[in-house]
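J.: Sharing a model that was predicted from the sequence below.
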Amino acid sequence: MATNRTFTMIKPDATQENHIGGILNMIEAGGFRIVALKKTLLTAERAGEFYAVHKERPFYGDLVKYMSSGPIVAAILEKDNAVADFRTLIGATNPTQAEEGTIRKKYAKSIEANAVHGSDSDENAQIEGNFFFGANEQF
Ligand code: RTP
Ligand code: MG
């Protein structure tokens, strides 16, 4: 079933470089409403759990280390067609391939330190949002 929500994280490189406001600005300007928002630090264990789908991929160990290297900002976002439209707004995983006007084009430093996460399906958006936020934190 399609929903109108997606989930994002502003990754450690972007929070470290004071891009939280700039990225949230692009998200709101892109027509998304912020349903839930928090800054937090993932332990390696929690990061490993979040990215468990990538366990078999060669970059998994580095990804877990990177995502637990500093605070992240987690958010649930709402908009029609949220998952697909948000992936358009963030741009390609590798910033060298990201289109002009996308968040990764503007803020990503590398294929790993690529500024933001965006859910890849409605199902994962719901799982990922609930990983960080209880029902009484989503408005
Ligand atoms: P995300 O899940 O963070 O929104 O990114 P994505 O869908 O565009 O890319 P995905 O394939 O799901 O990969 C998850 C994250 O792993 C890191 N990565 N590193 N070193 C590498 O080759 C590599 N490839 C991916 C990135 O941080 C990527 O966003
Ligand atoms: Mg992904």
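T.: Yep, that arrived. Residues are numbered from 1 along each chain as shown. Ligands and ions are numbered 1, 2, ... in the order given.

J.: tell me which residues in the helix or strand containing Lys65 are buried?
T.: Following DSSP states H and E, one finds Lys65 within helix 60-67. Using 16 or more other C-beta atoms under 10 Å as the test for burial, helix 60-67 gives Leu63, Val64, Tyr66, Met67. In short, each C-beta sits where N, CA and C put it, glycine included.

J.: residue closest to the middle of the protein?
T.: Here the mean C-alpha position of the chain is nearest to the C-alpha of His117 (C-alpha atoms, centre = their mean), at a distance of 2.4 Å.

J.: Redo the buried residues of helix 60-67 as a markdown table? Include pLDDT.
T.: Formatted as a markdown table, those follow (pLDDT from 0 to 100):
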| residue | pLDDT |
| --- | --- |
| Leu63 | 97 |
| Val64 | 98 |
| Tyr66 | 98 |
| Met67 | 98 |
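
J.: could you say what helices and strands the helix or strand just after the helix holding Lys65 packs with?
T.: Using DSSP H and E, the helix or strand that directly follows helix 60-67 along the chain is strand 72-78. In terms of contacts (3 or more C-beta pairs under 8 Å, 6 or more residues apart in numbering; DSSP states H and E), strand 72-78 is packed against strand 5-10, helix 12-16, helix 20-29, strand 33-40.
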